[in-house]
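Undergrad: coordinates only, sequence not included:
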């Protein structure tokens, strides 16, 4: 029992004598972890912003393609005699609309993720 008491006494005295050093080390570790977390959040936000830019470009491209299909559809109504396969145009139009919707959902998910990171950053 005396041995256990001496060990506890030694540890307590060590902690009391070196409290300033322990405090400085713990503050340094906290600062480093906060810095690392901030760097991680900034990198994640940057890559999400790049993905969003790419998605916006794809949406614009698909929107232009959809406009072309719709213009061809309007032109095709006047020239129905030689346009027999209208089902493909409708399928293409529907497919493009679905791709645009999917890209917009992906963009919204990334924007939501960025906003969550910004909240955590504060």
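TA: On my side now, so go ahead. What you are looking at is a predicted structure, and each value in this text was computed from that prediction instead of being measured.

Undergrad: What score does the residue of the chain positioned farthest from its centre have for pLDDT?
TA: In the chain, counting by CA atoms, centre = their mean, residue 2 sits farthest out from the average C-alpha position, at 58.9 Å. Note on residue 2: pLDDT of 82.

Undergrad: Disregarding residues adjacent in the polypeptide, which is nearest to residue 63?
TA: residue 100 (6.4 Å; CB to CB, 6 or more residues apart in numbering). Yep, even glycine has a C-beta here, placed from its N, CA and C like the rest.

Undergrad: Pull the contacting residues for that neighbour.
TA: Contacts for residue 100 (CB atoms under 8 Å, 6 or more residues apart in numbering) come out as 59, 62-63, 66.

Undergrad: Then residue 12?
TA: Applying CB under 8 Å, 6+ apart, no residues contact residue 12.

Undergrad: Going along the chain, name the helices of this structure.
TA: 2-17, 19-78, 86-121 (DSSP state H).

Undergrad: Can you flag the weakest of these by average pLDDT?
TA: In terms of mean pLDDT, the lowest-scoring of the helices of the chain is helix 86-121 (a mean of 76).

Undergrad: Quick check: buried residues in that helix?
TA: In terms of neighbour count (16 or more other CB atoms under 10 Å), helix 86-121 has its buried residues at 92-93, 96, 99-100, 103, 107, 110, 114.

Undergrad: Now the two most distant members of those residues.
TA: Of all pairs drawn from the buried residues of helix 86-121, the greatest distance, 32.9 Å, lies between 92 and 114 (CB to CB).

Undergrad: related to what we said a few turns ago, determine which two of the contacts of residue 100 are furthest apart.
TA: 59 and 66 (10.1 Å).

Undergrad: related to what we said a few turns ago, which member of the buried residues of helix 86-121 is positioned nearest residue 33?
TA: residue 114 (22.1 Å).

Undergrad: Wait, the closest one touches residue 51, no?
TA: No. If you go by CB atoms under 8 Å, residue 114 and residue 51 don't touch, sitting 9.9 Å apart.

Undergrad: ok, residue 8 to residue 106 distance?
TA: Distance, residue 8 to residue 106, using CB to CB, to the nearest Å: 59 Å.

Undergrad: which residues sit against stretch 20-37?
TA: Residues contacting stretch 20-37 (CB under 8 Å, 6+ apart): residue 15.
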